[in-house]
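Student: fold the stuff below for me.
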Amino acid sequence: MDKAHSSSPRPTFKRALRRINMTSVIVTMTLIWLLLCVASIVTLKQYAQKNLELTAATMTHSLEAALVFTDDAAAAETLAALGQQGQFSAAEVRDNNQNVIASWRYNEQENDDKLGDFISHWLFPFPIAQPVWHSGEIIGEVRLTARDSLISHFIWLSLAVLTGSLLLASGIAILLTRHLHRGMVEALQNITEVVHDVRTNRNFSRRVSEERIEEFHNFAQDFNSLLDEMEEWQLRLQAKNAQLLRTALHDPLTGLANRAAFRSSISALMNDNSARSSSALLFLDGDNFKFVNDTWGHAAGDRVLIEVARRLAEFGGNRHIPYRLGGDEFAVVLYGVHSDYEVQRISAALSQEFNRPFDLHNGHLVSMTLSMGYALTWEHASAEKLQELADRNMYRAKHQRSERLIK
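Tutor: Modelled structure (predicted):
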């Protein structure tokens, strides 16, 4: 049951607000409609009773002579004449002894409005009785019953007008509240879009715009302040991570990429068929670096290493990448080479860079040579075999150099 509940779509704030608005308008207008209907019918009842009493009072003057002279025909004629005007549905004229001397009734066959008949009997449960006076004495009475059709027609007309007016008012109220809610919905949508962008895309540069509603405005300011702190924290973290990454992948003395970066680059190179078909690995090792350290100290040795790294970087430019593997061991990855001859030519040119002496900044100059060995990437299937051959060739060159110096 919890899963079904969680999987059901949640309504948006705009839809929820509209639902609340529609519910409140419908309930409010329905209650108003009921109250106005009751008030209108009660008012109508009082008005109809007064109007029927006035009609009966007017009829007493016309029937006074008929009662005095006991003229039944004249009384019946008067009732019929007034009844045809539609003021009442039934009428009786009685004398002091409650004897009916004349009566009139609307044709009941033409009246099939059951609801109107019900309303009429509810409004007028009893006929209206009005005494007939002559010379200050009561000589009889007139009894009138209201006409159903007139009452029901008036009630239906009143209810129709009332219902139409309330429907129009409801529509206007709904449109007005939607217009007034638009600013609040847009403000909340703006805030949620910024929050979603920050959470999903880590876009801490987004900010919530100023809002007209005080609570939303305060929330936007506080949230923007929080974003400022988060953005600053993110920038510091990125800078720190970049520094850590540089420290992890670069030699702190020479600034060249270190052994970890070298291993990563060689692995990527050997997995790239296109780059592996036109690259080579060159290993370099200092021949007399120990002599420099032992003679002038480690500070002088560090200066030599820094200068070696600078010459390697200048020689390689943006094409060939140098690495310091440790101590006086270096490596250069050559890119864009396609033959053994081309690699040898580059190695010879690189050797010329170290013919110039190194300034130890202590009044002394020293010569430093490097033994080199290379391996072609397209001749090897793994990074281990590639490095093994380059290292073997480098030590072979160092051994040959040592033999030449002995001779």
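
Student: can you count the residues close to the closest residue to His364 other than its chain neighbours?
Tutor: Sequence neighbours aside, Trp296 is the residue nearest to His364 in space, at 6.6 Å (criterion: C-beta to C-beta, 6 or more residues apart in numbering). (Glycine included, C-beta is placed from N, CA and C.) Using other C-beta atoms under 10 Å, Trp296 is surrounded by 16 other residues.

Student: repeat for Trp33
Tutor: By other C-beta under 10 Å, neighbour count at Trp33 equals 17.

Student: so it touches Thr163, yeah?
Tutor: Yes - judged on C-beta atoms under 8 Å, Trp33 makes contact with Thr163 at a distance of 6.7 Å.

Student: over to the residue of the chain positioned farthest from its centre: give its phi and psi.
Tutor: Distance from the C-alpha centroid of the chain peaks at Phe69, with 91.1 Å (C-alpha atoms, centre = their mean). Dihedral pair for Phe69: phi -100, psi 10, per degrees, to the nearest 10.

Student: pLDDT score assigned to it?
Tutor: We have a pLDDT of 81 for Phe69.

Student: tell me if His52 really is in a helix.
Tutor: Careful, residue 52 is Leu; it's not His. Yes - counting by DSSP: H, G, I helix; E, B strand; the rest coil, Leu52 is part of a helix.

Student: burial check on the residue nearest to it when sequence neighbours are not counted, number of neighbours?
Tutor: Residue nearest to Leu52 in three dimensions, not counting chain neighbours: Ile128, with 4.7 Å by C-beta to C-beta, 6+ apart. Counted by other C-beta under 10 Å, the residues lying close to Ile128 total 22.

Student: tell me the contacts of Ile128?
Tutor: 49, 52-53, 56, 143-146 (C-beta atoms under 8 Å, 6 or more residues apart in numbering).

Student: try 10 Å this time
Tutor: 48-57, 88, 91, 142-146 (C-beta atoms under 10 Å, 6 or more residues apart in numbering).

Student: what does the pLDDT read for it?
Tutor: 80.

Student: measure it to Ser40 for me?
Tutor: 21 Å (C-beta to C-beta, to the nearest Å).

Student: same check, this time on Val208
Tutor: In terms of C-beta to C-beta, Val208 sits 52 Å off from Ser40.

Student: quick one: the closest residue to Phe204 other than its chain neighbours and Glu193, what's the gap?
Tutor: Nearest non-adjacent residue to Phe204, counting by C-beta to C-beta, 6+ apart: Glu231, 3.9 Å away. Counting by C-beta to C-beta, the gap from Glu231 to Glu193 is 17 Å.

Student: and those two? Which one has more around it.
Tutor: Glu231 (16 against 12).

Student: residues contacting the more buried one?
Tutor: So Glu231 contacts 198, 203-207 (C-beta under 10 Å, 6+ apart).

Student: mind putting the residues you listed in TSV, secondary structure and distance to Leu253 included?
Tutor: What follows is the contacts of Glu231, written out as TSV (DSSP: H, G, I helix; E, B strand; the rest coil; distance: C-beta to C-beta, whole Å):
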residue	secondary structure	distance to Leu253
Val198	helix	41
Asn203	coil	39
Phe204	coil	36
Ser205	coil	37
Arg206	coil	42
Arg207	coil	44
